[in-house]
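>>> 3D model of this:
(2 chains)
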Number of protein chains: 2
Amino acid sequence: MTNILIRYGETGLKGEPVRYKFEKLLVENMMLAHKNAGVSCLFDRQRGRIFASTDSPDRTMEILSKTFGVVSFSPVEECPAEPEEIARLAVSLASTRLKQGMSFAVRARRTGEHAYSSMQLAALVGERILEATRGLGITVDLNKPDFEIFIEVRNNRAFVFTENIPGPGGLPLRSQGRVLAIIEDRKSLLAAWLMMRRGCTTILVNQSELTPKEIELLKPWNPWWNGFIESTDPLELLRLKNCAGISLGWTLEEFESREKLLPGVPVFYPLIGMTKEEIEGRMASLFG
Amino acid sequence: MTNILIRYGETGLKGEPVRYKFEKLLVENMMLAHKNAGVSCLFDRQRGRIFASTDSPDRTMEILSKTFGVVSFSPVEECPAEPEEIARLAVSLASTRLKQGMSFAVRARRTGEHAYSSMQLAALVGERILEATRGLGITVDLNKPDFEIFIEVRNNRAFVFTENIPGPGGLPLRSQGRVLAIIEDRKSLLAAWLMMRRGCTTILVNQSELTPKEIELLKPWNPWWNGFIESTDPLELLRLKNCAGISLGWTLEEFESREKLLPGVPVFYPLIGMTKEEIEGRMASLFG
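The predicted model follows:
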């Protein structure tokens, strides 16, 4: 079993009931994505962190990197919060990665009561790694190390890890209202993605020449995926599906040449403030 | 005099007339910003690049970093496009920066007809730098160098530089339509900034508790600044000023709690697709 520490939460998310709802939706979404993929994974919620235990770490990490609300995650090794035990674990992790002449840094943080400070812990662990790699010309470099070892002590448990993999961030799917995403081109897929990342349940209406396969580029991001609708009357659909608004992939230039207002319906243009470079960079990294 | 090479242009900007208009507006905006600041600077347009010659490089760079449409810029040294001359210039630039044990990389690019390739040029310059710094333990590292030397050869001129400073990107102010930016809080300042970065002439209407000083955080970004309007009727103002639409700083959460539609008026919410972290990070870096 590999344990993965999952970080989530927008800064503004403060109240206990909102946090509870948010966590619940996030775990539900991750569970459903694992179920769809046929991967078994257990989730454990603990004060501001979620831990996943999985037999298929690569597939779990693939899912986490496409789960809205996940800010970052790290495969971790766990041990009791005892400095020499932590150091032993860190040495075993570091020694498989540190090669001749490389530099490293230890980054430690702590919550709870302990007989040591974060800095003392980092210093001890750094020393133990230097001792264990003597003769290899390994050095400590806190500014620009080749390799970082992270330690997170939470009360009587300690987690040691070497990677901090970014997730997409945002809010869990279904934590906000419903939006009708009109698909007119590839850019509209990005607009829909941005609304999904805000937590919106997004109903896709195809009015494009895109192939089903192209529209399905959004599928890995939505465990609740149930395809898209072919329609010529988005307004009726809006009422029928009880949506709060419409999203369009228009940029400002397009807006100026194509404007046609839908009276009384909120229209979102999530790309309106983005530069061409930002739009193209995002599309390339998301949809290839 | 310091020469600064200015890079601009969105990828989508192709046709000659659009490019001409774009460049003209960009240079006008930079000239006005320099005039406002009491700094003298000459601009020279040359196929896809603009060169600024300034006596106050720090102040010019401060202005460029706040000029919409500028993608990046570099203070450059110039010499004829002759390999040994380029190498001499690169050695003199490198030798002031390279300290004991540091690594470097030479990045060369070329447009025009030359007897050498970019790779040959980079190899020669690298060799000359190693010769000149012999005994200091300087090494070449193309992946993660401490220091980079850039060479750009354009026909019979060569430019050597060591910095590539990012500008805000986007489109030059006044290259797109007019927008009424309703200021309700600090977030609305970011929304207005994003519309300005799209090239919109943005008229600010204050409906907030912000002090004039806070609203003036946008001033350094707009050489055409003429303050803001206090008004309670944005719709009338919209007609009067012939604006294409309104921009609001609402996020999706706010939208859901505050929705009130302005009938028949396009409303932009440039923050609608952004995460809280993105909004807060942007505001902190722009407005402190």
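>>> CA only for contacts and neighbour counts going forward, please
Will do.
>>> Would you mind naming what in the stretch 151-288 of chain A lies close to chain B?
Taking Cα under 8 Å from any Cα of the partner chain as the contact definition, the stretch 151-288 of chain A meets chain B at A:169-170, A:176, A:191, A:194-195, A:197-198, A:252-253, A:256, A:261, A:263-264, A:266-277.
>>> In strands, which of the residues you listed fall?
A:267-268 (DSSP state E).
>>> okay, now residue A:18: neighbour count?
12 (other Cα atoms under 10 Å in any protein chain shown).
>>> you'd agree it is in a helix?
Yes: inclusion of residue A:18 in a helix is indicated when DSSP: H, G, I helix; E, B strand; the rest coil is applied.
>>> Which residue ranges of the stretch 101-250 of chain A form helices?
A:118-132, A:186-197, A:212-215, A:234-240 (DSSP state H, counting those that start in this stretch).
>>> Put together a markdown table for those, with mean pLDDT on each row.
A markdown table is the format used below for those (pLDDT from 0 to 100):
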| stretch | mean pLDDT |
| --- | --- |
| helix A:118-132 | 95 |
| helix A:186-197 | 96 |
| helix A:212-215 | 95 |
| helix A:234-240 | 82 |
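>>> Now render the ones you listed as CSV, adding mean neighbour count.
CSV is the format used below for the helices of the stretch 101-250 of chain A (neighbours: other Cα atoms under 10 Å in any protein chain shown):
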stretch, mean neighbour count
helix A:118-132, 18
helix A:186-197, 24
helix A:212-215, 14
helix A:234-240, 14
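>>> Any chance of those in JSON lines with distance to residue B:39 as columns?
Converted to JSON lines, the helices of the stretch 101-250 of chain A look like this (distance: least, Cα to Cα, whole Å):
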{"stretch": "helix A:118-132", "distance to residue B:39": "48"}
{"stretch": "helix A:186-197", "distance to residue B:39": "42"}
{"stretch": "helix A:212-215", "distance to residue B:39": "52"}
{"stretch": "helix A:234-240", "distance to residue B:39": "55"}
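>>> between the ones you listed, which gets nearest to residue B:58?
Across the helices of the stretch 101-250 of chain A, residue B:58 has its closest neighbour in helix A:186-197 (38.0 Å, Cα to Cα).
>>> centre of the chain versus the closest one, how much separation?
16 Å (Cα atoms, centre = their mean, to the nearest Å).
>>> what residues does it touch?
Outside helix A:186-197, the residues within contact range by Cα atoms under 8 Å, 6 or more residues apart in numbering or on different chains are A:68-69, A:168-173, A:179, A:181-183, A:202, A:204, A:210, A:215, A:218, A:247-250, A:269-271, A:279, A:282-283, B:272-275.
>>> how does chain A divide up, domain by domain?
Domain assignment for chain A, taken from automatic domain parsing, gives A:2-78, A:82-155, A:178-287.
>>> nearest to residue A:164, of these?
Residue A:164 sits nearest to domain A:2-78 of all the domains of chain A, at 5.1 Å, using Cα to Cα.
>>> Now the terminal residues of that closest one, how far apart.
Taking Cα to Cα, to the nearest Å, domain A:2-78 runs 10 Å from one end to the other.
>>> For it, give the mean pLDDT please.
The average pLDDT for domain A:2-78 rounds to 89.
>>> closest one to residue A:160 among the helices of the stretch 101-250 of chain A?
helix A:118-132 (11.0 Å).
>>> number of nearby residues for residue A:111?
Residues contacting residue A:111 under the criterion other Cα under 10 Å number 11.
>>> ignore the last one, residue A:108
20.
>>> and what of residue A:282?
By the measure other Cα under 10 Å, the count of residues near residue A:282 is 14.
>>> For the nearest residue to residue A:41 once chain neighbours are set aside, list each beta-bridge partner.
Once flanking residues are discounted, residue A:41 sits nearest to residue A:54: 4.6 Å by Cα to Cα, 6 or more residues apart in numbering or on different chains. On the basis of DSSP bridges, residue A:54 is bridged to residue A:2, residue A:41.
>>> any idea how far residue A:54 lies from chain B?
29 Å (Cα to the nearest Cα, to the nearest Å).
>>> What of residue A:181?
Residue A:181 sits 13 Å away from chain B, going by Cα to the nearest Cα.
>>> Based on its surroundings, how many neighbours for that residue?
29.
>>> Verify the contact between it and residue A:203 for me.
Yes: the criterion here is Cα atoms under 8 Å, and residue A:181 meets it with residue A:203 at 5.8 Å.
>>> that older thread, from the residues of the stretch 151-288 of chain A next to chain B, keep the buried residues only.
A:169-170, A:176, A:191, A:194-195, A:197-198, A:252, A:266-277 (16 or more other Cα atoms under 10 Å in any protein chain shown).
>>> Residue B:140: which of the helices of the stretch 101-250 of chain A is closest?
Checking the helices of the stretch 101-250 of chain A against residue B:140 by Cα to Cα gives helix A:118-132 as the closest, at 27.0 Å.
>>> Packing partners of the closest one?
Applying 3 or more Cα pairs under 8 Å, 6 or more residues apart in numbering or on different chains; DSSP states H and E, we find helix A:118-132 packed against helix A:83-97, strand A:103-111.
>>> Deepest in the core, which of the ones you listed is it.
With neighbours defined as mean count of other Cα atoms under 10 Å in any protein chain shown, the helices and strands packed on helix A:118-132 peak in mean count at strand A:103-111, which reaches a mean of 19.
>>> Next, the angle helix A:83-97 makes with that one.
Put simply, strand A:103-111 runs at 140 degrees to helix A:83-97, going by axes from the mean of the first three to the mean of the last three Cα atoms, to 10 degrees.
>>> Report the strands that pair with strand A:103-111, each with its relative direction.
Here, using DSSP bridges, strand A:103-111 pairs with strand A:139-140 (parallel), strand A:147-154 (parallel).
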